[in-house]
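# just coords:
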Ligand SMILES: NC(=O)C1=CN([C@@H]2O[C@H](COP(=O)(O)OP(=O)(O)OC[C@H]3O[C@@H](n4cnc5c(N)ncnc54)[C@H](OP(=O)(O)O)[C@@H]3O)[C@@H](O)[C@H]2O)C=CC1
Ligand SMILES: Nc1nc(=O)c2c([nH]1)NC[C@@H]1CN(c3ccc(C(=O)N[C@@H](CCC(=O)O)C(=O)O)cc3)C=[N+]21
């Protein structure tokens, strides 16, 4: 069993990005600038946005954080998106999800200029990705594919089962995994899927992206499978200083001994999501996607 070290791969990618930023600066070009919009005080969102700012500093980007309280109106938020779209200094920005219930996430996502949509959530980027055109690809699926590549994991002709069909993870990952460069045969499972246990057991590559802690048990995994655990659920714990513990969607101790490769939580997919956002920001700054 090989433990996939997402933290290490992400650190390598960060170094590659930092080197490119250094070159840009030496050529006298603009410093890449990523902005993040955070609404409210959700613990998870606060953590992820704080990481994003730290990551930007580490590779030499400029970063900005725009904060709103929970009671911000949709109008105010849309006006800010417009302002960020028009701000020439900002190369890319993200609006952290989830948003409060009175704000339409879809409206906000569609208001983002696709050229600055480094999350890859705008329908234009999703559509371009589906037909294989240059696009910003959602950070988590991009990070997962990068992990498979860097560990030289064979994907061609393999049965890939993805549990979860969200717009930010499961669905875009299913598209990437079936593309010609990857060539997996993909099945997308969800809460209405029948015989999920058997289906998972048929997977050469099993991806769990559901948000149900320790859902995937040992008896659901084929001997020699590659298991990618996307889930990150914060559960209360009296064993940690913070009072929280992060749990994946995979019951690691049962599943790991059966795997050829497995990602841990934390330290697997999460760090790859973060570095993929940095990757997309560099693409946005260089105009490589849209010219
Ligand atoms: N590590 C990282 O970088 C990231 C981690 N995450 C984590 O990944 C997890 C999933 O996130 P996200 O994709 O946004 O989640 P969503 O809640 O948007 O989607 C969850 C998906 O899982 C399916 N599902 C839920 N319960 C079951 C079940 N019991 N059996 C089968 N399918 C089920 C749902 O089915 P249906 O559609 O039928 O409702 C849905 O398609 C979360 O823990 C999240 O925190 C998310 C993004 C990045
Ligand atoms: N607009 C938007 N874009 C996102 O990309 C986005 C979002 N909204 N909303 C929430 C989800 C979730 N997400 C994660 C990012 C990093 C880790 C991560 O770094 N995890 C670490 C541990 C983090 C910790 O210590 O809490 C790990 O797994 O090792 C996890 C999850 C991005 N998301």
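Noted; the coordinates are in hand. Note that the structure is a prediction, hence the values are computed from the model and not measured. Residues are numbered from 1 along each chain as shown. Ligands and ions are numbered 1, 2, ... in the order given.
# wait, doesn't residue 249 sit right on residue 217?
No. The pair formed by residue 249 and residue 217 falls short of the contact definition of C-beta atoms under 8 Å, at 10.8 Å. Using the backbone N, CA and C atoms, a C-beta is placed for each residue, glycine as well.
# so which of those two has more stuff around it?
Neighbours were counted for residue 249 and for residue 217 using other C-beta atoms under 10 Å; residue 249 has more, 24 against 13.
# so what's the residue count around the residue in the chain that ligand 2 sits nearest to?
As assessed by C-beta to the nearest ligand atom, ligand 2 sits closest to residue 270 within the chain, at 2.3 Å. Summarising burial for residue 270: neighbours were counted as other C-beta under 10 Å, giving 23.
# from residue 286, how far off is it?
Separation of residue 270 from residue 286 (C-beta to C-beta, to the nearest Å) stands at 26 Å.
# over to residue 272?
For residue 272, the distance to residue 286 - C-beta to C-beta - is 21 Å.
# can you pull the contacts of residue 132?
Residues counted as contacts of residue 132 (C-beta atoms under 8 Å, 6 or more residues apart in numbering) are 179, 180.
# how is this protein divided into domains?
30-118, 139-271 (automatic domain parsing).
# turn those domains into a markdown table, including mean pLDDT.
Output for those, formatted as a markdown table (pLDDT from 0 to 100):
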| stretch | mean pLDDT |
| --- | --- |
| domain 30-118 | 97 |
| domain 139-271 | 97 |
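# mind checking how far residue 85 is from residue 2?
Residue 85 is 43 Å from residue 2, by C-beta to C-beta.
# residue 275 now?
From residue 275 to residue 2 the distance is 20 Å (C-beta to C-beta).
# how about residue 208?
18 Å.
# over to residue 185?
Going from residue 185 to residue 2 by C-beta to C-beta gives 23 Å.
# and residue 239, by the same measure?
Distance from residue 239 to residue 2, by C-beta to C-beta: 27 Å.
# cool, and residue 136?
For residue 136, the distance to residue 2 equals 30 Å [C-beta to C-beta].
# related to what we said a few turns ago, higher neighbour count, residue 239 and residue 2?
For residue 239 versus residue 2, neighbours defined as other C-beta under 10 Å are more numerous around residue 2 (11 against 6).
# I appreciate the help and will end here.
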